[in-house]
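[1] Provided below for reference: sequence and predicted model.
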Amino acid sequence: MTAHPPVAAPRTRGRSRRAVTSFAAVSVLISSAALAGCAQQRDDDVYTVMNSSTDETYHRWDAEAMARCGKRLGVTVEQQSVPASQVMTKALRMASSKSLPDIVQFDASEMPTFAEAGGLVDLRTLGLGTEDVPEGIVDFGSYEGTYYGAARSVNTLALFYNKDILDEAGVKVPTTWEELRQAAKKLTRGKRYGLALSAGGAEDGVFQFTPFMWSNGGDETDLDSPEVVEALDYWKALLQDGSLSKSTVNWTQADVNDQFMAGNAAMMINGPWQVETLNTKKSLHWEIAQIPVPERGADSVGPLGGAVLTVPDTGDTEREKTAGRIVACLASEEEQLTYALNSWMVPANEKTAAEWRERVPELDALADQVAAARSRTAKLGAGWSGVSLALQSAFQSALTGQSSEAALKRAQQRATSGN
């Protein structure tokens, strides 16, 4: 999810003070516990995976995959699911009580915080390789060059559009910012907005802003650069045109999907996790395209999203090795394809992704978008959280009246100082 120092002074780069404090707290919790998960009495043949699969269908898919892998490896793999917002805090509590699970599935944007504190095992030392995994996805599961997290699948954002509405209005699928703006204007009629997106004060909004920031040449290390200001000004222009609802500043990505399904938006920025819900409305004929770019021919660079499977450093090397084999099984080509076909995500393995494209051609544009996508934490690591919070505040200010430049100057100051 604020003025610079005086112009003559050098700009400070790196983590916010808030993020550093967070890292220090994590380090203390982990080191004081000595990560001695083995201190808890464990069944030698039972291994636990903590994840955020609280949704019934995802929980079932994961349980089935764990049962298959457990059978292959001759162990029992049990699933412990908690809400996504609680994975990190619960992992920290379990570290302090010496009861860490054998595997933790972190959101990739949170994984660096645990890794920086020394809480994770290098997966390469457990025999996991990264052959046939694109560099961007390897980076997605890495911290400072060490591979800590194996992704089964990844996601990103795309432009979803109501084909019937666009056809009726004679509007072509937009590919540039100008085309998107004009299309959104034309498609805005009565209670229907031309476009829906999330600009809420949470990570959802930041996730949705990154394609506009990155495709315009902006960067999370320089939040008030002309490129980032221009990207936020573009959002403001859509709002001023009346093509976006004023409620955009409060919407989550789930809210955006609800509006699209209800016919209150002709297009939306969203991800493949909405496909299962979209498909429940048989009268809705939707398709997807890459997110439009500032100028024709530019790369549409979106954010990689998803989770990674990690092995906590519990001090029990034998259990860690078996946990590594479980991760390798869950992230195998066969399991990746099964999971991706269930969840509509894109497999992390290139060969598997090619087969996935053939099986779900309607999402081909998503695979193209993933190919150019990058990790939010690639440049800042665990420091991303401070930048995200600063951007969230900037959206709220800029979209409710403040200039984009002023809002982003304040965001840069917050990201630099932590205040």
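    On my side now, so go ahead. Just so we're clear, the structure is a prediction, and the values are computed from it rather than from any experiment. Numbering: from 1, shown residues only.
[2] does Glu203 really touch Ser388, like I thought?
    Yes: Glu203 is within contact range of Ser388, at 5.8 Å (criterion: C-beta atoms under 8 Å). C-betas here are computed from N, CA, C, even on glycine.
[3] higher neighbour count, those two?
    Higher neighbour count among Glu203 and Ser388: Ser388, with 26 against 23, using other C-beta atoms under 10 Å.
[4] Now do the same contact list for the residue nearest the centre of the chain.
    Nearest residue to the geometric centre of the chain (C-alpha atoms, centre = their mean): Gly305, 2.7 Å. Gly305 makes contact with Ala108, Val154, Asn155, Thr156, Leu157, Phe207, Gly271 under the criterion C-beta atoms under 8 Å, 6 or more residues apart in numbering.
[5] Look up phi and psi at the fourth one.
    It stands for Thr156. phi -160, psi -170 (degrees, to the nearest 10).
[6] switch to numbering from 7
    Sure thing, new numbering starts at 7, so read that last one as Thr162.
[7] what's the neighbour count on it?
    Counted with other C-beta under 10 Å, Thr162 comes out at 29.
[8] so where's the stretch 307-425 of the chain uncertain?
    Scanning the stretch 307-425 of the chain for pLDDT under 70 picks out 424-425.
[9] Please, where are all the strands along it?
    Assigned by DSSP state E, counting those that start in this stretch, the stretch 307-425 of the chain shows strands spanning 313-316, 352-353.
[10] Helices of the stretch 7-156 of the chain, start to end?
    Here the stretch 7-156 of the chain has its helices, by DSSP state H, counting those that start in this stretch, at 23-39, 62-79, 93-102, 117-122, 141-146.
[11] got the ones you listed as JSON lines, with mean neighbour count and distance to Thr283 columns?
    Shown next, in JSON lines, are those (neighbours: other C-beta atoms under 10 Å; distance: least, C-beta to C-beta, whole Å):
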{"stretch": "helix 23-39", "mean neighbour count": "17", "distance to Thr283": "34"}
{"stretch": "helix 62-79", "mean neighbour count": "16", "distance to Thr283": "11"}
{"stretch": "helix 93-102", "mean neighbour count": "19", "distance to Thr283": "23"}
{"stretch": "helix 117-122", "mean neighbour count": "26", "distance to Thr283": "27"}
{"stretch": "helix 141-146", "mean neighbour count": "20", "distance to Thr283": "25"}
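[12] want to throw those into TSV with mean pLDDT and distance to Ala304?
    Compiled in TSV, those are given as follows (pLDDT from 0 to 100; distance: least, C-beta to C-beta, whole Å):
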stretch	mean pLDDT	distance to Ala304
helix 23-39	46	31
helix 62-79	96	35
helix 93-102	90	35
helix 117-122	90	29
helix 141-146	90	18
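[13] Now distance to Leu369 too, for those, in TSV please.
    Shown next, in TSV, are the helices of the stretch 7-156 of the chain (distance: least, C-beta to C-beta, whole Å):
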stretch	distance to Leu369
helix 23-39	35
helix 62-79	18
helix 93-102	27
helix 117-122	26
helix 141-146	17
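[14] right, so of those, which gets closest to Ala412?
    helix 23-39 (21.3 Å; C-beta to C-beta).
[15] before we move on, the earlier item: so which of the contacts of Gly311 are in strands?
    Judged by DSSP state E, the contacts of Gly311 include Val160 as members of strands.
[16] May I ask which two of the contacts of Gly311 are separated the most?
    Between all members of the contacts of Gly311, the farthest pair (by C-beta to C-beta) comes out as Ala114 and Leu163, at 14.9 Å.
[17] the more surrounded of those two?
    Comparing Ala114 with Leu163 by other C-beta under 10 Å, the one with more neighbours is Leu163, at 28 against 25.
[18] Dihedrals phi and psi, the more buried one?
    phi -100, psi 160.
[19] Tell me how far it lies from Thr131.
    34 Å (C-beta to C-beta, to the nearest Å).
[20] Over to Val307?
    For Val307, the distance to Thr131 - C-beta to C-beta - is 32 Å.
[21] Which one's more surrounded, these two?
    Ranked by neighbour count (other C-beta under 10 Å), Val307 and Thr131 place Val307 first, with 20 against 14.
[22] dump the residue contacts of the more buried one.
    Here Val307 is in contact with Thr216, Pro217, Trp220, Ser221, Ala378, Ala379, Arg380 (C-beta under 8 Å, 6+ apart).
[23] tell me the contacts of the last one?
    Residues in contact with Arg380, defined by C-beta under 8 Å, 6+ apart, are Gly142, Asp145, Trp220, Val307, Pro309, Leu310.
[24] Make CSV from the residues you listed and add distance to Leu238 to it.
    Output for the contacts of Arg380, formatted as CSV (distance: C-beta to C-beta, whole Å):
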residue, distance to Leu238
Gly142, 25
Asp145, 26
Trp220, 13
Val307, 16
Pro309, 16
Leu310, 22
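[25] Ala71: which of those is nearest?
    For the contacts of Arg380, the nearest to Ala71 is Leu310 (21.3 Å; C-beta to C-beta).
[26] Neighbours of the residue nearest to the closest one when sequence neighbours are not counted, how many?
    Distances taken as C-beta to C-beta, 6 or more residues apart in numbering place Ala379 nearest to Leu310, at 4.6 Å, with adjacent residues excluded. Ala379: 28 surrounding residues under other C-beta under 10 Å.
[27] tell me the SS of Arg302?
    coil (DSSP: H, G, I helix; E, B strand; the rest coil).
[28] How many residues are close by Thr136?
    By other C-beta under 10 Å, the residues close to Thr136 number 17.
[29] Could you chop the protein up by domain?
    23-161+311-378, 164-309+387-423 (automatic domain parsing).
[30] So what's the gap between the last one and the chain middle?
    Taking C-alpha atoms, centre = their mean, to the nearest Å, one finds domain 164-309+387-423 lying 15 Å from the centre of the chain it belongs to.
[31] same deal with the longest one?
    When distances are taken as C-alpha atoms, centre = their mean, domain 23-161+311-378 is centred 14 Å away from the chain's centroid.
[32] Check which residues of stretch 194-206 are buried.
    Thr194, Arg198, Tyr199, Gly200, Leu201, Ala202, Leu203, Ser204, Ala205, Gly206 (16 or more other C-beta atoms under 10 Å).
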